[in-house]
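Trainee: what would the 3D arrangement of this be:
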Amino acid sequence: MAETTAPSASSEPSPTPKSAPGSALSSDDLERLRVTILVASSSRVNGNHPFGSVLTDAAGTVVLEAENTVVTARDATGHAETNLVRLASSRYSPAELADFTLYTSTEPCAMCSGAIYWAGIGRVVFALAEADLYAITGENEENPTMRLPCREVFAAGQRETAVAGPAPELHAEATAVHAGFWG
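Mentor: A predicted model of the protein is given here:
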C-alpha cells in the first residue's frame with residue numbers, strides 16, 4: 001500500500017511512479033475508506049454499481065460524497081469518482097483541490113483517474129485494487145475493466161498526484177460490498 005507521486009513537469013515523464021515518504025495509511029485514511037464502502041453499499045441499494053467516493057479538504061473534513069450512477073442515470077461516465085469530480089470542480093478552486101484528498105472504495109479506473117488529474121485533486125486513496133476488482137468481476141459486461149492501475153495514469157501527467165492504496169486492512173469489507181453483485 002505504497003503512496004506514490006506522479007512526476008512533476010519535466011521534459012520526459014517517468015514511466016514508474018516514485019514512492020513518497022510516510023506512505024502507510026493513517027487511521028484517518030482507513031476511517032474515510034470505510035465511509036466510501038458505506039457509500040458504495042448505498043449505491044448498490046439505489047440500483048447502481050457498488051462504488052463510492054468522498055472528498056476531504058486540506059483540514060481532513062469530508063466535504064463531498066458521491067455514489068456510482070451508471071445504471072440509474074444511464075450514463076457510462078457516472079462513476080463515483082467522476083460524479084465527485086464534477087461536484088468538486090464546480091465548488092472549489094484548483095488551488096483548493098490541490099490540497100484535497102479523494103477517497104474511493106475501489107481504485108479509480110483510467111477514466112476516473114483522468115478526471116481526478118484534470119481537476120487537480122492532489123491525493124487519491126483507495127481501499128480495493130483494480131486487480132482485485134477484476135478477480136471479482138472477471139469478464140462481466142457491466143465492468144469491462146481496462147486493468148490499468150491509476151498510478152500509471154497519474155505517472156503520465158505533468159502534475160504530481162499522490163496515491164495510497166490498496167488497504168489490506170479493509171480487503172474483506174471492500175470486497176464484501178461486491179458479493180453477489182457481478183453474477
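
Trainee: element containing Leu38, please.
Mentor: According to DSSP states H and E, Leu38 maps onto helix 27-45.

Trainee: packing partners of that helix?
Mentor: On a contact count with 3 or more C-beta pairs under 8 Å, 6 or more residues apart in numbering; DSSP states H and E, helix 27-45 meets strand 52-56, strand 62-67, helix 80-91, strand 101-106, strand 123-128, helix 171-176. Backbone N, C-alpha and C define where each C-beta goes, glycine included.

Trainee: could I get these as a markdown table with distance to Leu33, mean pLDDT and mean neighbour count?
Mentor: Shown next, in a markdown table, are these (distance: least, C-beta to C-beta, whole Å; pLDDT from 0 to 100; neighbours: other C-beta atoms under 10 Å):
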| stretch | distance to Leu33 | mean pLDDT | mean neighbour count |
| --- | --- | --- | --- |
| strand 52-56 | 9 | 98 | 26 |
| strand 62-67 | 12 | 98 | 20 |
| helix 80-91 | 13 | 98 | 21 |
| strand 101-106 | 6 | 98 | 30 |
| strand 123-128 | 4 | 98 | 27 |
| helix 171-176 | 8 | 97 | 17 |
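
Trainee: now tabulate these in TSV and tack on distance to Gln158.
Mentor: Output for those, formatted as TSV (distance: least, C-beta to C-beta, whole Å):
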stretch	distance to Gln158
strand 52-56	22
strand 62-67	26
helix 80-91	18
strand 101-106	19
strand 123-128	17
helix 171-176	31
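
Trainee: out of the ones you listed, which is closest to Glu141?
Mentor: Nearest to Glu141, of all those, is strand 101-106, at 17.9 Å by C-beta to C-beta.

Trainee: ok, that closest one: who's next to it in the sheet?
Mentor: Sheet pairing here is set by DSSP bridges, and for strand 101-106 it gives strand 52-56 (antiparallel), strand 123-128 (parallel).

Trainee: need the ones you listed in a markdown table with distance to Ser89, can you?
Mentor: Output for the strands paired with strand 101-106, formatted as a markdown table (distance: least, C-beta to C-beta, whole Å):
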| stretch | distance to Ser89 |
| --- | --- |
| strand 52-56 | 11 |
| strand 123-128 | 15 |
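
Trainee: where in this protein is pLDDT low?
Mentor: Scanning the chain for pLDDT under 70 picks out 1-23.

Trainee: redo that, cut-off 80
Mentor: Along the chain, the parts satisfying pLDDT under 80 run over 1-24, 140, 142-144.

Trainee: could you check how far Ala172 is from Ala179?
Mentor: With distances taken as C-beta to C-beta, to the nearest Å, Ala172 is found 10 Å from Ala179.

Trainee: test my guess that Tyr92 contacts Leu102.
Mentor: No - the criterion here is C-beta atoms under 8 Å, and Tyr92 misses it with Leu102 at 11.8 Å.
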